[in-house]
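Visitor: When you get a sec, could you give me coordinates for this:
(one chain, ligands or ions: 1)
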Amino acid sequence: MKLIPALTLAFACLCLSTLAREPKESDKDVNYDEARLPRYDLPSLLVTSEGKPVTTAEQWFNVRRPQIMSLFGNLVYGVVPEPAEPIRTTFEVISTDREFLNRTGTRKDVRIRFENSRGSDEMLVLVFTPNNAAKPVPAIMKHSFNSTHGRDFDAHPDRPGHFRNGWPIGDFLQRGFGFVAVYQQDLVAHNEVEFLKSIHRLFYREGQSFPKANEWGVLSAVAWGGSRALDYLESDPDIDAKRVAIMGHSKMGKAALWTAAQDQRFALAISAQSGCAGAALWRRKYGETLEKMVTRFPYWLSRNAWKFVNNEDDLPVDQHMLLACIAPRPVYVHSGVEDTWADGRGEYLSAYHAGEVYRLLGKKGLETESSPPVGEAILDSDVGYHIRAGGHSIVPYDWARFLDFAGRHLKAAP
Ligand code: GCU
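Guide: Residues are numbered from 1 along each chain as shown. Next comes the predicted model:
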């Protein structure tokens with residue numbers, strides 16, 4: 001394939017790129033001005049590809065939603081192909097610590113192994129449950145940048161109720177939630193140089209060494225891993241697999257939305273500052289754009305997505321449709337005022353426009369097109385949202401709102 005040398009060059013460039021959010025020389029063309037937005041029309045949620053109006057839940061689920069999911073799969077994130085050969089999957093609880101966080105919780109380390117004649121891969125999933133809550137408990141699964149293999153998920157030695165990585169695990173347990181960490185690099189490396197060694201190779205057909213143009217990129221592989229972790233949770237008596245939320249921040253927020261859209265077993269989704277290819281609308285071209293994304297990270301999406309660079313109007317979907325595919329299950333979107341690269345306004349608008357489908361399904365969407373005041377969370381809806389002061393991170397205020405929203409919908413017993 002001629003493509004491979006070009007991709008290898010792109011890999012090399014990527015080695016040099018970092019996740020730094022400071023504008024580079026090549027980003028001087030990025031638009032951060034609402035007055036300079038392109039004029040755009042969003043594709044219709046409730047009109048089929050054949051031009052027929054969608055007026056019932058049945059038409060949504062049987063006709064329009066499958067059309068939209070197929071477009072996202074084939075043109076944006078990439079579909080997971082049938083493996084050439086069956087994959088054997090095994091679950092093994094390799095350790096259990098019932099004295100986690102001063103005996104308030106239990107930590108289970110679970111190995112999930114995939115194997116066929118093309119190779120094998122493993123995920124290490126960490127499952128935390130409150131000791132004093134009636135089982136099974138609802139849980140929040142996080143697509144995590146932090147590795148589950150090191151010490152990031154140990155109890156913090158100096159900050160009671162926190163992991164070493166700073167997340168408030170004590171609050172989760174105290175509110176009756178389980179917490180599940182899935183490490184994104186287990187199946188597909190964050191460093192795209194490693195992409196060719198990822199889980200994809202177990203799926204290749206004879207002679208194949210790279211995904212086809214409509215096949216899965218990194219985000220689809222991360223989403224697939226989340227679903228496999230949920231397969232395990234279905235066998236864990238301490239977790240109610242019907243009340244598991246999926247969440248993620250930034251790149252993992254993109255993955256979380258795609259996971260929830262595809263796998264309807266997830267009961268709720270939380271997108272923290274997911275931005276471009278997450279909650280933000282492509283067509284606004286504010287902050288990060290499709291061009292910026294595929295130039296830096298050519299494998300996050302499918303190769304078909306490259307065709308829409310500077311051609312967003314030809315995309316038959318936009319990201320409000322991804323959120324709509326999560327309906328009627330609750331979805332929460334979080335933005336940061338200074339996180340302009342992720343386009344907080346575009347994230348809000350996506351969430352707002354997805355409301356059309358929530359309402360069709362008898363649920364509550366966001367009521368107004370104006371973003372809410374900074375620091376005011378909209379929790380009383382099936383589409384929740386907040387934008388807070390500050391930049392690209394999850395701060396205690398955000399964690400608390402995620403738990404408030406999940407608590408309302410997943411009815412955790414405190
Ligand atoms: C880069 C990338 C974003 C992504 C972010 C992250 O900034 O351009 O799309 O969300 O990394 O994952 O932190």
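Visitor: which stretches of the stretch 201-350 of the chain form strands?
Guide: Using DSSP state E, counting those that start in this stretch, the strands of the stretch 201-350 of the chain run over residues 239-249, 268-272, 331-336.
Visitor: Can you check which of the ones you listed gets nearest to the ligand?
Guide: Smallest distance to the ligand across the strands of the stretch 201-350 of the chain (Cβ to the nearest ligand atom): 7.3 Å, for strand 239-249. All C-beta atoms are positioned from the backbone trio N, CA, C, and that covers glycine.
Visitor: and that closest one, average pLDDT?
Guide: The predicted model gives strand 239-249 an average pLDDT of 98.
Visitor: now stretch 87-107
Guide: For stretch 87-107, mean pLDDT rounds to 98.
Visitor: ok, now stretch 385-405?
Guide: So the average pLDDT for stretch 385-405 ends up being 98.
Visitor: do the same with stretch 355-370
Guide: Taken as a whole, stretch 355-370 has a mean pLDDT of 98.
Visitor: Can I get it in PDB? Just the C-alpha atoms.
Guide: What follows is the C-alpha trace of stretch 355-370 in PDB, where atoms were taken according to Å, rounded to 0.1, in the frame of the first residue of the first chain:
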ATOM      1  CA  GLY A 355     -32.700  17.600  22.400                       C
ATOM      2  CA  GLU A 356     -35.000  17.200  19.400                       C
ATOM      3  CA  VAL A 357     -34.600  13.400  19.700                       C
ATOM      4  CA  TYR A 358     -34.800  13.300  23.400                       C
ATOM      5  CA  ARG A 359     -38.100  15.200  23.200                       C
ATOM      6  CA  LEU A 360     -39.300  12.700  20.500                       C
ATOM      7  CA  LEU A 361     -38.600   9.900  22.900                       C
ATOM      8  CA  GLY A 362     -40.500  11.700  25.800                       C
ATOM      9  CA  LYS A 363     -37.400  12.900  27.500                       C
ATOM     10  CA  LYS A 364     -36.200  16.400  28.500                       C
ATOM     11  CA  GLY A 365     -33.600  18.200  26.400                       C
ATOM     12  CA  LEU A 366     -31.900  21.600  27.000                       C
ATOM     13  CA  GLU A 367     -34.400  24.300  26.800                       C
ATOM     14  CA  THR A 368     -32.700  27.300  25.200                       C
ATOM     15  CA  GLU A 369     -30.100  27.800  22.600                       C
ATOM     16  CA  SER A 370     -28.100  30.200  24.800                       C
END
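Visitor: what comes up buried for it?
Guide: Under the neighbour-count criterion of 16 or more other Cβ atoms under 10 Å, stretch 355-370 has Gly355, Glu356, Val357, Tyr358, Leu360, Leu361, Lys363, Gly365, Leu366 buried.
Visitor: so what's the residue lying closest to Glu376 once chain neighbours are set aside bridging to?
Guide: Using Cβ to Cβ, 6 or more residues apart in numbering and skipping residues adjacent in sequence, the residue nearest Glu376 is His386, 6.8 Å away. Taking DSSP bridges as the rule, His386 bridges to His334.
Visitor: I'd guessed His386 sits against Pro372; true?
Guide: Yes - counting by Cβ atoms under 8 Å, a contact exists between His386 and Pro372, whose distance comes to 7.1 Å.
Visitor: neighbour count winner among the two?
Guide: Between His386 and Pro372, His386 has the larger neighbour count (other Cβ atoms under 10 Å), namely 25 against 15.
Visitor: can you redo the strands of the stretch 201-350 of the chain as JSON lines with distance to the ligand and mean neighbour count?
Guide: As requested, the strands of the stretch 201-350 of the chain are arranged in JSON lines below (distance: least, Cβ to the nearest ligand atom, whole Å; neighbours: other Cβ atoms under 10 Å):
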{"stretch": "strand 239-249", "distance to the ligand": "7", "mean neighbour count": "24"}
{"stretch": "strand 268-272", "distance to the ligand": "10", "mean neighbour count": "28"}
{"stretch": "strand 331-336", "distance to the ligand": "12", "mean neighbour count": "28"}
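Visitor: quick revisit: between His386 and Pro372, which contacts overlap?
Guide: Any residue near both His386 and Pro372 by Cβ atoms under 8 Å, 6 or more residues apart in numbering counts here, and that gives Ile378.
Visitor: returning to that earlier point: so who does the residue nearest to Glu376 touch?
Guide: His334, Ser335, Pro372, Gly375, Glu376, Ala377, Ile378, Asp398, Arg401.
Visitor: Restricted to strands, list these.
Guide: Among the contacts of His386, the members falling in strands are His334, Ser335 (criterion: DSSP state E).
Visitor: wait, Pro38 sits on Tyr286?
Guide: No - between Pro38 and Tyr286 no contact is recorded; they are 9.4 Å apart, counting by Cβ under 8 Å.
Visitor: Nearest residue to the middle of the chain?
Guide: Closest to where the C-alpha atoms of the chain average out (Cα atoms, centre = their mean) is Ala256, at 1.7 Å.
Visitor: Apart from its chain neighbours, what residue comes closest to that one?
Guide: Closest to Ala256 by Cβ to Cβ, 6+ apart is Gly248, at 3.7 Å.
Visitor: cool, His200 as well?
Guide: Once its chain neighbours are removed from consideration, His200 has its nearest residue in Pro211; the separation is 5.8 Å (Cβ to Cβ, 6+ apart).
Visitor: I figured the one you found hits Asn304, correct?
Guide: No - in this structure Pro211 lies outside contact range of Asn304 using Cβ under 8 Å: 10.4 Å.
Visitor: any chance you could map the helices in the stretch 251-400 of the chain?
Guide: 251-262, 290-296, 319-324, 344-360, 396-410 (DSSP state H, counting those that start in this stretch).
Visitor: Then the stretch 101-250 of the chain?
Guide: Remark: helices of the stretch 101-250 of the chain, listed N- to C-terminal, are 169-174, 218-233; assignment by DSSP H, counting those that start in this stretch.
Visitor: where are the low-confidence patches of the stretch 101-250 of the chain?
Guide: Low-confidence segments of the stretch 101-250 of the chain, defined by pLDDT under 70, are located at 190-193.
Visitor: Swap in 80 and give it another go.
Guide: Residues of the stretch 101-250 of the chain meeting the criterion pLDDT under 80: 190-194, 196.
Visitor: The residue of it found nearest the ligand and Glu347: what is the separation?
Guide: Using Cβ to the nearest ligand atom, the single residue of the stretch 101-250 of the chain nearest to the ligand is Ser250, 3.3 Å away. Using Cβ to Cβ, to the nearest Å, one gets 12 Å for the distance from Ser250 to Glu347.
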